[in-house]
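Asker: Below: sequence and its predicted model.
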Amino acid sequence: MEAIGRELLELSRRWSDLEAEGANLYGGERKTELEATECEIFDRMEALKAEACCTRATSLAGAMLQIMLVYGAVELLPERTLTDRDACERRALERMIQRALYSALDAMAATAGTAPEELGGELLMSADLNPFRLMEGGKAQNRN
(Lines give C-alpha, C1' and ligand atoms only; values in the text may rest on other atoms or scores of the structure.)
Protein backbone atom coordinates (compact mmCIF):
# COMPACT_ATOMS: atom_id res chain seq x y z
CA MET A 1 0.00 0.00 0.00
CA GLU A 2 2.84 2.39 0.81
CA ALA A 3 4.34 1.70 -2.61
CA ILE A 4 1.06 2.76 -4.21
CA GLY A 5 1.12 6.03 -2.26
CA ARG A 6 4.70 6.72 -3.23
CA GLU A 7 3.98 6.00 -6.90
CA LEU A 8 0.96 8.32 -6.75
CA LEU A 9 3.22 11.02 -5.34
CA GLU A 10 5.76 10.54 -8.14
CA LEU A 11 3.04 10.54 -10.81
CA SER A 12 1.58 13.70 -9.31
CA ARG A 13 4.97 15.40 -9.57
CA ARG A 14 5.34 14.27 -13.20
CA TRP A 15 1.84 15.55 -13.95
CA SER A 16 2.70 18.98 -12.49
CA ASP A 17 5.90 19.13 -14.52
CA LEU A 18 4.02 18.26 -17.71
CA GLU A 19 1.34 20.86 -17.01
CA ALA A 20 4.00 23.52 -16.48
CA GLU A 21 5.75 22.56 -19.71
CA GLY A 22 2.48 22.36 -21.65
CA ALA A 23 1.27 25.76 -20.45
CA ASN A 24 3.96 27.39 -22.58
CA LEU A 25 3.09 25.48 -25.77
CA TYR A 26 0.50 26.38 -28.36
CA GLY A 27 -0.26 23.48 -30.67
CA GLY A 28 2.27 21.31 -32.37
CA GLU A 29 3.70 17.87 -31.98
CA ARG A 30 5.23 18.43 -28.52
CA LYS A 31 1.89 19.53 -27.05
CA THR A 32 0.22 16.41 -28.47
CA GLU A 33 2.94 14.27 -26.92
CA LEU A 34 2.51 15.99 -23.53
CA GLU A 35 -1.26 15.52 -23.61
CA ALA A 36 -0.84 11.82 -24.45
CA THR A 37 1.60 11.43 -21.55
CA GLU A 38 -0.82 13.21 -19.20
CA CYS A 39 -3.55 10.77 -20.23
CA GLU A 40 -1.27 7.82 -19.47
CA ILE A 41 -0.36 9.28 -16.07
CA PHE A 42 -4.02 9.95 -15.29
CA ASP A 43 -4.99 6.39 -16.21
CA ARG A 44 -2.19 4.97 -14.05
CA MET A 45 -3.19 7.16 -11.11
CA GLU A 46 -6.81 6.04 -11.38
CA ALA A 47 -5.73 2.39 -11.53
CA LEU A 48 -3.56 2.84 -8.43
CA LYS A 49 -6.39 4.51 -6.53
CA ALA A 50 -8.76 1.67 -7.44
CA GLU A 51 -6.17 -0.90 -6.36
CA ALA A 52 -5.61 0.88 -3.04
CA CYS A 53 -9.34 0.93 -2.33
CA CYS A 54 -9.71 -2.76 -3.14
CA THR A 55 -6.81 -3.86 -0.94
CA ARG A 56 -7.05 -4.35 2.81
CA ALA A 57 -4.67 -2.04 4.64
CA THR A 58 -2.16 -3.90 6.78
CA SER A 59 -0.28 -0.88 8.10
CA LEU A 60 -1.03 2.55 9.45
CA ALA A 61 0.50 4.07 6.32
CA GLY A 62 -1.84 2.00 4.14
CA ALA A 63 -4.83 3.13 6.20
CA MET A 64 -3.66 6.73 5.88
CA LEU A 65 -3.57 6.38 2.10
CA GLN A 66 -7.09 4.97 2.07
CA ILE A 67 -8.37 7.81 4.25
CA MET A 68 -6.88 10.35 1.83
CA LEU A 69 -8.51 8.57 -1.11
CA VAL A 70 -11.92 8.58 0.62
CA TYR A 71 -11.54 12.29 1.25
CA GLY A 72 -11.08 12.89 -2.47
CA ALA A 73 -13.96 10.58 -3.38
CA VAL A 74 -16.40 12.55 -1.20
CA GLU A 75 -15.85 15.55 -3.45
CA LEU A 76 -16.87 13.48 -6.48
CA LEU A 77 -20.27 12.57 -5.08
CA PRO A 78 -23.04 13.99 -7.24
CA GLU A 79 -24.62 17.06 -5.76
CA ARG A 80 -28.31 16.85 -5.15
CA THR A 81 -29.37 20.40 -4.52
CA LEU A 82 -33.12 20.46 -5.00
CA THR A 83 -33.43 23.12 -2.34
CA ASP A 84 -31.15 25.48 -0.48
CA ARG A 85 -31.72 23.34 2.62
CA ASP A 86 -30.50 20.20 0.78
CA ALA A 87 -27.37 22.06 -0.31
CA CYS A 88 -26.74 23.36 3.21
CA GLU A 89 -27.20 19.89 4.72
CA ARG A 90 -24.86 18.38 2.13
CA ARG A 91 -22.12 20.93 2.88
CA ALA A 92 -22.52 20.26 6.61
CA LEU A 93 -22.20 16.51 6.00
CA GLU A 94 -19.11 17.05 3.82
CA ARG A 95 -17.49 19.18 6.56
CA MET A 96 -18.28 16.51 9.16
CA ILE A 97 -16.70 13.80 6.99
CA GLN A 98 -13.67 15.99 6.28
CA ARG A 99 -13.12 16.71 9.98
CA ALA A 100 -13.41 13.02 10.89
CA LEU A 101 -10.99 12.00 8.14
CA TYR A 102 -8.43 14.67 9.05
CA SER A 103 -8.70 13.71 12.71
CA ALA A 104 -8.12 10.01 11.93
CA LEU A 105 -5.28 10.86 9.55
CA ASP A 106 -3.56 13.06 12.14
CA ALA A 107 -3.85 10.34 14.80
CA MET A 108 -2.44 7.71 12.46
CA ALA A 109 0.40 9.95 11.30
CA ALA A 110 1.38 10.53 14.92
CA THR A 111 1.92 6.80 15.44
CA ALA A 112 2.76 5.52 11.95
CA GLY A 113 6.17 7.09 11.52
CA THR A 114 5.04 8.06 8.02
CA ALA A 115 3.86 11.56 7.15
CA PRO A 116 0.87 11.84 4.80
CA GLU A 117 3.06 13.93 2.47
CA GLU A 118 5.27 10.87 1.90
CA LEU A 119 2.24 9.10 0.43
CA GLY A 120 1.08 11.90 -1.84
CA GLY A 121 -0.84 13.74 0.87
CA GLU A 122 -0.56 17.14 -0.77
CA LEU A 123 -2.20 15.71 -3.88
CA LEU A 124 -4.84 13.69 -2.06
CA MET A 125 -5.55 15.52 1.19
CA SER A 126 -3.62 18.73 1.64
CA ALA A 127 -2.55 19.72 5.14
CA ASP A 128 -3.48 23.30 4.19
CA LEU A 129 -7.15 22.26 4.16
CA ASN A 130 -7.09 20.60 7.60
CA PRO A 131 -9.89 22.28 9.61
CA PHE A 132 -8.06 21.62 12.88
CA ARG A 133 -5.16 23.78 11.70
CA LEU A 134 -7.56 26.72 11.59
CA MET A 135 -8.57 26.12 15.18
CA GLU A 136 -4.86 26.00 16.10
CA GLY A 137 -4.11 29.21 14.23
CA GLY A 138 -2.91 27.56 10.99
CA LYS A 139 -3.86 28.53 7.47
CA ALA A 140 -6.54 26.05 6.45
CA GLN A 141 -8.67 27.01 3.48
CA ASN A 142 -12.40 26.45 3.26
CA ARG A 143 -13.46 24.57 0.11
CA ASN A 144 -17.17 25.25 0.55
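Answerer: That came through fine.
Asker: Count the neighbours of the closest residue to residue 8 other than its chain neighbours for me.
Answerer: Once flanking residues are discounted, residue 8 sits nearest to residue 120: 4.1 Å by CB to CB, 6 or more residues apart in numbering. In short, each C-beta sits where N, CA and C put it, glycine included. By other CB atoms under 10 Å, the residues close to residue 120 number 24.
Asker: Check which element follows the host helix or strand of residue 4 along the chain.
Answerer: Element membership of residue 4 [criterion: DSSP states H and E] is helix 2-23. Next along the chain after helix 2-23, taking DSSP H and E as the criterion, comes helix 29-53.
Asker: in that next one, what's buried?
Answerer: Residues of helix 29-53 classed as buried by neighbour count (16 or more other CB atoms under 10 Å): 34, 41, 45, 48, 49, 52.
Asker: The fourth one contacts residue 7, correct?
Answerer: What that stands for is residue 48. Yes: at 6.0 Å, residue 48 counts as touching residue 7 under the criterion of CB atoms under 8 Å.
Asker: Excluding residues flanking it in the chain, which one is nearest the residue nearest the centre of the chain?
Answerer: Nearest to the mean C-alpha position of the chain, counting by CA atoms, centre = their mean, stands residue 124 at 1.5 Å. With CB to CB, 6+ apart as the criterion, residue 124 has its nearest non-adjacent residue at 3.7 Å, and that residue is residue 68.
Asker: what about that neighbour, which helix or strand?
Answerer: Residue 68 belongs to helix 60-74, assigned by DSSP H and E.
Asker: In this protein, where's the longest helix?
Answerer: If you go by DSSP state H, the chain has its longest helix at helix 84-112.
Asker: which helices and strands does it pack with?
Answerer: helix 60-74, helix 131-135 (3 or more CB pairs under 8 Å, 6 or more residues apart in numbering; DSSP states H and E).
Asker: so of the ones you listed, which one's packed in deepest?
Answerer: Mean neighbour counts were compared across the helices and strands packed on helix 84-112 using mean count of other CB atoms under 10 Å; the top stretch is helix 60-74, at a mean of 20.
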